[in-house]
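S.K.: need a 3D model of the following:
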Amino acid sequence: MKGPDAAEILAEVTELLRAAFALEAWGRLLVYMADAGGPGAPRWVVSDLQVEEVLDDAAVDRAFSSDDVRGALPAIGTAVMTLAMLDGVDVSEVGGGTFVRTSGNSVGFLPGPVRTPSRSFDIVRHDRTSDVARRNRELVEGLGTDELGAIRCDTEACAFRVDAPLGMLTGKAIVVGSFSRPQRSWVWGAHNPTLGDVARRESAALLDHASDRAMWEIATPGFHTDEVTAWALAATLVVDRGLAGLVRVEQREGAIFVALADVQRTLTARGTHADP
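M.R.: Prediction:
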């Protein structure tokens, strides 16, 4: 017998949140799960709820102090577990899930308690990702390629090289951060223990000199998010610091996001050398 799909579950959750959780009064509900079972017999239950982007404080206070919310917690927990499983995510690794209210007052789901984006980040994310796409195109212009896919990064040496049909690019590679797909989490390079000291210092310098300190993400070492937002976070910092470009370098269970700086262009076909 076929079980419900994600759309059916979200439709049911939307009605439950509207009836008991004052859905129209907030933008995002973070559901934290904990194992309340014994050894070898996990039993995942809702351990905490957090509401963000609150539009009506009084409505939220009334709803979340009611018996209706407490009575609905098992259903919410089951929905989080099922939706995470349908998305290929283990709740034991991400710790819960997030319901996000859409413009039509229904809800979407993100694996993990996802707080980002902050309002200040959300305002600029589209412009910053578009800006980075333009910078990346300009880097390879005239090199006989339209992408940075041939890049080779040595993150420990903080250097990169791109070989193209008509030339090459070399310069400084700075790890902005990394994204774990199994855990749906982001960590800034400055706080990544798998990086060497030099790489962490270079990343820390980016964060320390960011002009917009209103973004809570800048001051938080790591947090749950999605991969699209991870790229946007890295792009925001690249544009803010006036760097040349940004690439995604695939890893075994995720990706690292590397900023490109101090770029040198060599046009081998013409025998010339110039800065881009």
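S.K.: which stretches of the stretch 51-200 of the chain form strands?
M.R.: 96-101, 107-111, 151-154, 159-164, 167-180, 185-188 (DSSP state E, counting those that start in this stretch).
S.K.: okay, buried residues for the fourth one please.
M.R.: Applying a neighbour-count criterion of 16 or more other C-beta atoms under 10 Å, the buried positions in strand 159-164 are 160, 162, 164. C-beta here means a position set from N, CA and C on the backbone, and glycine is covered the same way.
S.K.: closest one of the residues you listed to Trp216?
M.R.: Checking the buried residues of strand 159-164 against Trp216 by C-beta to C-beta gives Phe160 as the nearest, at 30.1 Å.
S.K.: that closest one and Glu141: what is the separation?
M.R.: Separation of Phe160 from Glu141 (C-beta to C-beta, to the nearest Å): 17 Å.
S.K.: out of the buried residues of strand 159-164, which comes closest to Val238?
M.R.: Distances from Val238 to the buried residues of strand 159-164, taken by C-beta to C-beta, are shortest for Phe160, at 13.8 Å.
S.K.: run through the bridge partners of that closest one.
M.R.: Bridge pairing for Phe160 (DSSP bridges) gives the partners Cys153, Gly171.
S.K.: do you know the pLDDT at Asp226?
M.R.: Looking at Asp226, its pLDDT stands at 83.
S.K.: where exactly do the helices run in the stretch 1-150 of the chain?
M.R.: Under the criterion DSSP state H, counting those that start in this stretch, helices of the stretch 1-150 of the chain are mapped to 6-20, 57-64, 67-86, 91-94, 119-140.
S.K.: pretty sure Gly37 sits against Ser92.
M.R.: No - here Gly37 does not reach Ser92: they are 11.5 Å apart, not a contact under C-beta atoms under 8 Å.
S.K.: ok, now which ones touch Ser118?
M.R.: Contacts here follow C-beta atoms under 8 Å, 6 or more residues apart in numbering; on that basis Ser118 touches 214-217.
S.K.: output the strands of the stretch 51-200 of the chain as CSV; include the columns distance to Asp197.
M.R.: Formatted as CSV, the strands of the stretch 51-200 of the chain follow (distance: least, C-beta to C-beta, whole Å):
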stretch, distance to Asp197
strand 96-101, 34
strand 107-111, 33
strand 151-154, 15
strand 159-164, 16
strand 167-180, 12
strand 185-188, 15
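S.K.: and of the ones you listed, who's closest to Asp56?
M.R.: strand 96-101 (12.5 Å).
S.K.: same for the closest one, what does it pack against?
M.R.: For strand 96-101, the elements it packs on are strand 28-35, helix 67-86, strand 107-111, judged by 3 or more C-beta pairs under 8 Å, 6 or more residues apart in numbering; DSSP states H and E.
S.K.: in JSON lines: those, plus distance to Ala22 and mean neighbour count.
M.R.: As requested, these are exported to JSON lines (distance: least, C-beta to C-beta, whole Å; neighbours: other C-beta atoms under 10 Å):
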{"stretch": "strand 28-35", "distance to Ala22": "10", "mean neighbour count": "19"}
{"stretch": "helix 67-86", "distance to Ala22": "9", "mean neighbour count": "17"}
{"stretch": "strand 107-111", "distance to Ala22": "13", "mean neighbour count": "21"}
